[in-house]
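Visitor: With the sequence up front, the predicted model follows.
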Amino acid sequence: FQMPPIVLIHGLLGWGEERPLFGLAPTYFPLEHIRSLWPGSQVVAVDVGAASSDHDRACEAFAQLLGLLVDYGAEHAESCGHTRFGDDFRSKGGLLERWDASNPVHLIGHSFGGNTALALFNMLAQDHWGLGTSADWVVSVTAICSPLRGASLPFFLGLETVTDEEGCCRNLVRQGSLTHAITASCAAVIKLQCWWPRLFKP
């Protein structure tokens, strides 16, 4: 009996197999140790958006695992104002040797990666990409320290809920607050990742 592969999904501002700063940054997951505890099967860590949405990160994880072109979906891309397609992993091949209903995986996400793991599972169950996926492609979903029910800390640090003239509630970041600084830092990381991708890869 071969143990199902493990797929690790990092959290906000994290990384997977590729260590940033030319490979000088520490490993996000203790991959060597985990692999020593899981012999005879694969343990892989995907590299998804540092501060992207659950939907986008799930699409990126799916494409990396199977070796496909990242497809965010036409409707989602239009509503969110970004391109439909992302990185192309077809020439590299997938991280997993086999992945289907007969060869399912364990999804393990840390922090925001747990939310991404749940999003990926739901999209697989709905056959979001039209490739015949289902819930049977996943053995289990594990979320480690993940904000599955939201997080109140950002509101304590400066996030505010306001009601506009039409009666719609919106969450706004108070200028000069710690949340504003964190949000600006995340935006800067995303921009740097787009402008100089080699800075975040070995």
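Guide: Good, I have the coordinates. Numbering: from 1, shown residues only.

Visitor: number of nearby residues for residue 41?
Guide: 14 (other C-beta atoms under 10 Å). Placement of C-beta: from N, CA and C, glycine included.

Visitor: Make 54 the first number, not 1, from now on.
Guide: Done: numbering now begins at 54, and the last item shifts to residue 94.

Visitor: Wait, it touches residue 56, no?
Guide: Yes - if you go by C-beta atoms under 8 Å, residue 94 and residue 56 touch, sitting 4.3 Å apart.

Visitor: can you list the weak-confidence ranges in the chain?
Guide: Across the chain, the ranges flagged by pLDDT under 70 are 54, 73-77, 207, 210, 217, 219-224, 242-244, 246-255.

Visitor: show me what contacts the residue of the chain most remote from its centre?
Guide: Most distant residue from the mean C-alpha position of the chain: residue 218, 35.1 Å away (C-alpha atoms, centre = their mean). Not one residue lies near residue 218 by C-beta atoms under 8 Å, 6 or more residues apart in numbering.

Visitor: which residues sit against stretch 161-179?
Guide: 59-65, 67, 81-82, 101, 107-108, 110-112, 114-115, 160, 182, 186-188, 190-191, 194-201.

Visitor: try stretch 79-99
Guide: 55-63, 67-70, 72, 113-114, 117-118, 148-150, 163.

Visitor: again, only using 7 Å
Guide: By C-beta atoms under 7 Å, 6 or more residues apart in numbering, the surrounding residues in contact with stretch 79-99 are 55-63, 67-70, 72, 114, 117-118, 148-150.

Visitor: what are the phi and psi angles of residue 166?
Guide: The phi/psi pair for residue 166 (degrees, to the nearest 10) reads phi -60, psi -30.

Visitor: center of the chain, which residue is that?
Guide: Mean-position check on the chain, C-alpha atoms, centre = their mean. Result residue 110 at 3.5 Å.
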